[in-house]
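> Here is my input, please return the structure:
(2 chains)
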2 protein chains.
Amino acid sequence: MLLACLDLEGVLIPEVWIAVAEATGIDGLRRTTRDEPDYDALMRYRLDLLARNGLTLPEIQGVIGTLDPLPGAVEMVGWLRERFQLVILSDTFYEFGMPFMAKLGHPTLLCHKLIVEGDRIVDYALRLPDQKRAAVRAFHALNFRVIAAGDSYNDTAMLTEADAGVLFRPPANVIAEFPQFPVTTDYDGLRAQFERAAAVLG
Amino acid sequence: MLLACLDLEGVLIPEVWIAVAEATGIDGLRRTTRDEPDYDALMRYRLDLLARNGLTLPEIQGVIGTLDPLPGAVEMVGWLRERFQLVILSDTFYEFGMPFMAKLGHPTLLCHKLIVEGDRIVDYALRLPDQKRAAVRAFHALNFRVIAAGDSYNDTAMLTEADAGVLFRPPANVIAEFPQFPVTTDYDGLRAQFERAAAVLG
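Numbers count the residues shown, from 1 in each chain, chains lettered A, B, ... in the order given. Model prediction:
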């Protein structure tokens, strides 16, 4: 019995912080874990930038509301759901992810949460460290076999833990460091990888 | 962060074996765990009846294809998905459940599997014993709080394991034996129970 675990940003939707940076003109929000590998330091920096620019959660959600899933993502989700049980594993926050879930037909999303006071984001709550890997382990304990796909460094633990892992539009350093995972750059290729893995895993 | 776990048969869709009994006229398929508490004995009896009547999986799926979710179930699923991460926990089989999933907008379904040779159901494979309880435990380990709803005896372990449990249209003996769970008989009442539990659990 097969479960599909999919990353969200970069696989089904655009990178949210980049999109907010573009829409608000706050260039500092373009900073990613590639520039600042310490995730907590990066989030403190982002929250500080939001506070200094007086950017509220409703304003950010207004920006997110104008964004669409990547072209073909809705069809990709539909295709997966007809063949597998689908769970989205993302390190985004529900406050950012849920507007996209509505546009993707509300697949199940396991992610994190912001801490909000009034209309201001004051902190964030990781539901669990290394949650993508932990989720695949939990599904294994429930006797599912897992095919996982993601685009970046923070997906590689999930891909390693899964019975089959696929890289979707990854950066060159991830391809170089994880040559064991097949790489695909479009949804037709991703569907082919899922079909191939499913044929092997039964 | 809140997860909703919902039973399937009797909560969102009709009882499949009863429906197949009605459509095929094979009255023996009306037998349930209330008549035969040994689940394996009941399944052997059902598979034997299918074989003796020459009933194939495609024929059963043809019957299932004519069945609809319970009135209001599609809206109930939609309401839950806007507010919670929804996972359906059922002791049905994917071969029976998936046509209903398509009609319910493909929520994530964790259930069991039939063993099919050609077009005949020859056996069944429980993915995991006591899988509903195990799933709630796994979601707890992933730091989710769980609100669960089901209608029958095989849901009570899930309801007990969850942070809040609700009985939906249960038989009298389940109400009597599990007075700790609130009882509701319609979807408005079920929505109210989920709202109440969510307000308590945050």
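> C-alpha from now on. contacts and neighbour counts both.
Fine.
> what's in contact with stretch A:170-185?
A:150-153, A:156, A:165-169, A:190, A:193 (C-alpha atoms under 8 Å, 6 or more residues apart in numbering or on different chains).
> excluding its backbone neighbours, what's nearest A:L2?
A:R145 (4.9 Å; C-alpha to C-alpha, 6 or more residues apart in numbering or on different chains).
> I misspoke; the intended subject was A:L42.
Leaving aside its chain neighbours, A:L42 sits nearest to A:E36 (6.0 Å; criterion: C-alpha to C-alpha, 6+ apart).
> again with A:L109
Of all residues not flanking A:L109 in the chain, A:I88 sits nearest, at 4.7 Å (C-alpha to C-alpha, 6+ apart).
> wait, A:E9 sits on A:V16?
Yes - here A:E9 reaches A:V16: they are 7.2 Å apart, a contact under C-alpha atoms under 8 Å.
> In stretch A:154-164, which residues are buried?
For stretch A:154-164, burial by neighbour count (16 or more other C-alpha atoms under 10 Å in any protein chain shown) applies to A:154-164.
> Can you confirm whether it lies near chain B?
No - under the criterion of C-alpha under 8 Å from any C-alpha of the partner chain, chain B is not reached by stretch A:154-164; the shortest gap measures 14.2 Å.
> How about residues contacting that stretch?
A:7, A:130, A:132-133, A:136-137, A:145-150, A:165-166, A:178, A:197, A:201.
> Check stretch A:125-132 too.
Stretch A:125-132 has contacts (C-alpha under 8 Å, 6+ apart) with A:89-90, A:111-115, A:155, A:157-158, B:1, B:142-144.
> what distance separates it from the centre of its chain?
Centroid separation between stretch A:125-132 and its chain, computed with C-alpha atoms, centre = their mean, to the nearest Å, is 13 Å.
> Please identify the buried residues of that stretch?
So, applying 16+ other C-alpha under 10 Å, buried residues of stretch A:125-132: A:127-128, A:131-132.
> same thing with stretch A:104-115?
For stretch A:104-115, by 16+ other C-alpha under 10 Å, it's A:104-114.
> how about the residues of chain A near chain B?
Proximity of chain A to chain B is confined to A:1, A:81-82, A:85-87, A:98, A:102, A:105-110, A:113, A:127-128, A:131, A:134-135, A:138-139, A:142-144 under the rule C-alpha under 8 Å from any C-alpha.
> Out of the residues you listed, list just those in helices.
Using DSSP state H, the subset of the residues of chain A next to chain B located in helices is A:81-82, A:98, A:102, A:131, A:134-135, A:138-139.
> coming back round to it: the residue nearest to A:L2 touches A:L3, doesn't it?
Yes - counting by C-alpha under 8 Å, A:R145 touches A:L3, with 6.1 Å between them.
> In JSON lines: the ones in helices among the residues of chain A next to chain B, plus pLDDT.
Rendered in JSON lines, the data for those read as follows (pLDDT from 0 to 100):
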{"residue": "A:R81", "pLDDT": "97"}
{"residue": "A:E82", "pLDDT": "96"}
{"residue": "A:M98", "pLDDT": "95"}
{"residue": "A:A102", "pLDDT": "95"}
{"residue": "A:Q131", "pLDDT": "95"}
{"residue": "A:A134", "pLDDT": "98"}
{"residue": "A:A135", "pLDDT": "98"}
{"residue": "A:A138", "pLDDT": "98"}
{"residue": "A:F139", "pLDDT": "98"}
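> Reformat these as a markdown table; add distance to B:G65.
Conversion of these to a markdown table gives the following (distance: C-alpha to C-alpha, whole Å):
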| residue | distance to B:G65 |
| --- | --- |
| A:R81 | 18 |
| A:E82 | 15 |
| A:M98 | 31 |
| A:A102 | 27 |
| A:Q131 | 38 |
| A:A134 | 37 |
| A:A135 | 33 |
| A:A138 | 32 |
| A:F139 | 29 |
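> Just the buried residues of these.
A:81, A:98, A:131, A:134-135, A:138-139.
> And those, which is closest to B:I64?
A:R81 (18.9 Å; C-alpha to C-alpha).
> In contact with the closest residue to that closest one other than its chain neighbours, which residues?
Nearest-residue entry for A:R81: B:H106, 6.2 Å, with adjacent residues in sequence omitted and distances by C-alpha to C-alpha, 6+ apart. Counting by C-alpha under 8 Å, 6+ apart, B:H106 touches A:81-82, A:107.
> Please confirm that the residue nearest to A:L42 is located within a strand.
No - going by DSSP: H, G, I helix; E, B strand; the rest coil, the assignment for A:E36 is coil, not a strand.
> And it, how far from chain B?
Relative to chain B, A:E36 is positioned 27 Å away (C-alpha to the nearest C-alpha, to the nearest Å).
> how many neighbours does that residue have?
Neighbourhood size, A:E36 [other C-alpha atoms under 10 Å in any protein chain shown]: 13.
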